[in-house]
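need a 3D model of the sequence below.
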Amino acid sequence: MDRSERRAVKGIVFDLDGTLVDSLDSIWRASEYVLKTNGYRGVDRQDVVEAMGKTIFDLFLRAEPGLSPKEQQKLFEDYRRVYMDFIAHTRLIPRVKETLLELRARNLKMAVVTMKSRQNAEKILSFFGIRDFFDLVVGFEDVKEHKPSIEPIARAAEGLGLRASELVVVGDTHIDVRAGREAGALTLRSRRA
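Okay, here's the model as predicted:
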């Protein structure tokens, strides 16, 4: 960005999975468990890698392309119910706490926008002792359209009392970056865990 494009940044919106926490193994194990206990074949770890940044429905359809909407919803409900049983397979990305402390010291407002349910996202943030850094968590159920739609970013901006142009969106996938850019925010792509 050249100097003519500089703007006042007043808030940061973070993606959760792959940006703040490495949840790949917990997503994989929980998905595998839910699919197999419902009589479907499991899911490969690589399928989870390729589905990162998308919804859990995308992952289930990748494993079982013929699922009806009713079957997808049942798997989703089971997944939400058991996901936290697999939290031990999630880890905090190195230096996240230090980074959040520095950003808080600069009086920046912060939010998380995630494809997870808000409840599970807040539990994960609390588990790692970082929930209090965030003014807002926007979960799967809080929006009708998900990333790469701008709706989650717009919802975060509104909840923080800011314009999207006053935000930096940080995420690990092109989907995060696209949503941020199209909303009018600055974007940073983090390296995947």
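
which stretches of this protein form strands?
Assigned by DSSP state E, the chain shows strands spanning 11-15, 21-22, 91-92, 109-113, 136-138, 167-171, 186-189.

which residues touch the residue nearest the centre of the chain?
With distances taken as CA atoms, centre = their mean, the residue of the chain nearest its centroid is residue 114 (2.8 Å). Applying CB atoms under 8 Å, 6 or more residues apart in numbering, we find residue 114 in contact with 15-17, 121, 137-140. Yep, even glycine has a C-beta here, placed from its N, CA and C like the rest.

swap in residue 115?
17, 53-56, 140, 146-147.

gap between residue 40 and residue 179?
30 Å (CB to CB, to the nearest Å).

oops, could you answer that again for residue 96 instead?
From residue 96 to residue 179 the distance is 21 Å (CB to CB).

which of those two has more residues huddled nearby?
Taking other CB atoms under 10 Å, residue 96 and residue 179 do not tie; residue 179 has more neighbours (28 against 17).

correct me, but the more buried one touches residue 154?
No. Assessed by CB atoms under 8 Å, residue 179 is found out of contact with residue 154, at 9.5 Å.

okay, now the domains of the protein?
The chain breaks down by automatic domain parsing into domains covering 3-22+90-189, 24-89.

and the ones you listed, which is most packed in?
Among the domains of the chain, domain 3-22+90-189 has the highest mean neighbour count (mean count of other CB atoms under 10 Å), at a mean of 19.

give me the distance from that domain to the chain's centre.
8 Å (CA atoms, centre = their mean, to the nearest Å).

again, but for stretch 45-53
Chain-centre distance of stretch 45-53: 13 Å, with CA atoms, centre = their mean.

now swap in stretch 76-92 and tell me
Distance, centroid of stretch 76-92 to centroid of chain: 14 Å (CA atoms, centre = their mean).

residue contacts, the closest residue to residue 28 other than its chain neighbours?
Once flanking residues are discounted, residue 28 sits nearest to residue 48: 4.4 Å by CB to CB, 6 or more residues apart in numbering. By CB under 8 Å, 6+ apart, the contact set of residue 48 is 24, 27-28, 31, 59.

likewise for residue 17?
23-24, 27, 52-53, 114-116, 172.

what is it paired to in the beta sheet?
Counting by DSSP bridges, residue 17 is bridged to residue 21.

mind checking pLDDT for it?
Note for residue 17: predicted pLDDT of 94.

could you do residue 5 as well?
So, for residue 5, pLDDT stands at 57.

same thing with the one 4 residues further on?
Reading off the per-residue confidence, residue 9 sits at a pLDDT of 96.

hang on, it packs against residue 187?
No. Here residue 9 does not reach residue 187: they are 11.7 Å apart, not a contact under CB under 8 Å.

overlap of the contact sets of the two?
With CB under 8 Å, 6+ apart as the test, residue 9 and residue 187 both reach residue 168.

now do the helices in the protein.
24-37, 45-51, 56-63, 69-82, 96-105, 118-127, 151-160, 174-183 (DSSP state H).
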